[in-house]
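Visitor: sequence and predicted structure below; questions after.
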Amino acid sequence: MEWIAITPEICLTASILINEHNVSPFDAYPIATALLRDRTILSTEHVYDKIKGIERVDPKDLIEKL
């Protein structure tokens, strides 16, 4: 796990996601961060599946691989 500070680029990308994909701000910031980093997000939330370019990893699947 890594702390990632919010940057102007993340804020701008999150704003675009809110407008274009109708996601909540609570989802837009993690999506924006993932898009600008490694394009992977660890979550059970299926809202991330509708964003092209994001790979959602379910924590349950990750545990099974360990």
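Guide: Ah, there it is.
Visitor: make it CA atoms for all contacts and neighbour counts henceforth
Guide: Will do.
Visitor: where are the low-confidence patches of the protein?
Guide: Across the chain, the stretches falling below the confidence threshold (pLDDT under 70) are 1.
Visitor: hmm, try it at 90
Guide: 1-4, 45-47, 50-51, 61-66 (pLDDT under 90).
Visitor: just the helices in it please.
Guide: Under the criterion DSSP state H, the chain contains helices at 8-21, 25-36, 59-65.
Visitor: off-centre distance for the longest one?
Guide: Which is helix 8-21. 11 Å (CA atoms, centre = their mean, to the nearest Å).
Visitor: with only the CA atoms kept, save it in PDB.
Guide: Listed in PDB are the C-alpha atoms of helix 8-21, where the atom choice follows Å, rounded to 0.1, in the frame of the first residue of the first chain:
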ATOM      1  CA  PRO A   8      -3.900  18.800 -10.100                       C
ATOM      2  CA  GLU A   9      -3.700  16.200 -12.800                       C
ATOM      3  CA  ILE A  10      -5.700  13.700 -10.600                       C
ATOM      4  CA  CYS A  11      -8.300  16.400  -9.800                       C
ATOM      5  CA  LEU A  12      -8.700  17.300 -13.500                       C
ATOM      6  CA  THR A  13      -9.000  13.600 -14.500                       C
ATOM      7  CA  ALA A  14     -11.500  13.000 -11.700                       C
ATOM      8  CA  SER A  15     -13.600  15.900 -12.800                       C
ATOM      9  CA  ILE A  16     -13.700  14.600 -16.400                       C
ATOM     10  CA  LEU A  17     -14.700  11.100 -15.100                       C
ATOM     11  CA  ILE A  18     -17.500  12.600 -13.000                       C
ATOM     12  CA  ASN A  19     -18.900  14.400 -16.100                       C
ATOM     13  CA  GLU A  20     -18.300  11.700 -18.700                       C
ATOM     14  CA  HIS A  21     -19.000   8.600 -16.800                       C
END
